[in-house]
Structure formats: structure tokens, C-alpha cells
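Trainee: Need coordinates for the following:
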Amino acid sequence: MKEKSTPLDTSDLRLLDLLQHDAALSNQQLAEAAHLSPATCHRRVKRLREEGWIERQVAIVSADKLRDAQVPGLQALVEVALDVQTEEAMARFERQATQDTAVQQCWRVSPGPDFMLVLAVHDMEGYLEVAARLFNDRLGVRNVRTFFAVKRAKFDTRLPLAHTVQG
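Mentor: Residues are numbered from 1 along each chain as shown. I've put the predicted structure just below:
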């Protein structure tokens, strides 16, 4: 169970920013970069995890390296509009989309379509399988517009933090 969150101070924001950039830093390296003692750094990072500020740590696999290694992969951005926008209909579609392993991201958006999805599939056949599962009358889907990625110009997982925002 997550504890009640304490407000973030400048040191917390610095730690979060550093960890977003490289979560593999040792506590010693992190402490030095954040200008904290190792004990203080460890304690703060532990609190940030316990309070849910840090949801999880992952390895980000290079899509470019996979492509270079001839591993097939297709990414798509999909606009989905539903027949009706009741909370029940929206929740039903969202539940199905978020449980599908091909869906990397699912956003409710407004105005325009009801959802934006980011999909990662093996190939076009994989996309068609996702389309059959998600883009159907059973889930109340009225319209789908899919854009297939041809080049990734930028990809970042870091969220902007107050002290790191650049103009």
C-alpha cells in the first residue's frame, strides 16, 4: 500500500530527473549528481518509490536496433471514435484496450476522437488481429483512423520537471 505523498522539494525533483535519465545509476553516483550524501539519497529514493512517485523501472529496448537486426516490428498511432460517449461505453473500450498487449499507450482525448492508441505489433497481420479484437461493433467503435510510423524522429519517456524545464 502506498503511503500518503509528501510534497516534492528541489532535491526530490533533481533525483526524479536523474532517475528518468538513467535509472541504472548506483546510489553513490546518484548522490554525487544530486549533491546529497549517499544515506540521504538512499532514504529519499526509497520514499519516492514507497509513495508512488516512481512507478517502476524498466529497460527501454531500441526499436532501431531491432529493425537493424531484421526483427519485424510495426508501430501505429490509432484514433478511435465510439458510437456513444457514455462513461460505461468509454470504460468498456478503455478496459479492453489497456488489457491488450499490443497497446503500448491508451489516451482518452478531447476534442476529436475519443481515444488515441499507440500500438506495437510484429507485422501487418498482427495489426489486423488487434483491429479485429478492438475496433468492432461489440465495443461500440464507430470510426478508426490508423497512421503507421515510418520514422521515429524523437522518443523520450522523461516527464518535464519544474526545475528542468527549458524554454
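Trainee: Check the secondary structure at the most centrally placed residue in the chain for me.
Mentor: Most central in the chain under C-alpha atoms, centre = their mean is residue 105, positioned 5.8 Å from the mean C-alpha point. Put simply, residue 105 is strand when judged by DSSP: H, G, I helix; E, B strand; the rest coil.
Trainee: Leaving out sequence neighbours, find the closest residue to it.
Mentor: Leaving aside its sequence neighbours, residue 105 sits nearest to residue 118 (C-beta to C-beta, 6 or more residues apart in numbering; 4.0 Å). To be clear about C-beta, it is placed using only N, CA and C from the backbone, and glycine gets the same treatment.
Trainee: Now do the same contact list for that neighbour.
Mentor: Residues near residue 118 by C-beta atoms under 8 Å, 6 or more residues apart in numbering: 75, 76, 77, 78, 103, 104, 105, 106.
Trainee: repeat for residue 72
Mentor: Residues in contact with residue 72 (C-beta under 8 Å, 6+ apart) are 122, 123.
Trainee: what's the pLDDT at the residue nearest to the centre of the chain?
Mentor: The pLDDT attached to residue 105 in the predicted structure is 96.
Trainee: that older thread, quick check: beta-bridge partners of the residue nearest to residue 105?
Mentor: Here residue 118 sits in beta bridges with residue 77, residue 105, going by DSSP bridges.
Trainee: And it, how far from residue 133?
Mentor: Residue 118 sits at a distance of 16 Å from residue 133 (criterion: C-beta to C-beta, to the nearest Å).
Trainee: residue boundaries of the helices in this protein?
Mentor: Assigned by DSSP state H, the chain shows helices spanning 10-21, 27-34, 38-50, 63-68, 87-99, 124-134.
Trainee: which residues are in contact with the shortest one?
Mentor: I take that to be helix 63-68. Counting by C-beta under 8 Å, 6+ apart, residues outside helix 63-68 touching it are 73, 75, 152, 155.
Trainee: same deal with the second one?
Mentor: Residues lying outside helix 27-34 but in contact with it, judged by C-beta under 8 Å, 6+ apart, are 11, 14, 15, 18, 19, 25, 37, 38, 40, 41, 42, 45.
Trainee: what does the third one give?
Mentor: For helix 38-50, the surrounding residues in contact (C-beta under 8 Å, 6+ apart) are 2-3, 6, 11-12, 15-16, 19, 27-28, 30-31, 34, 36, 54.
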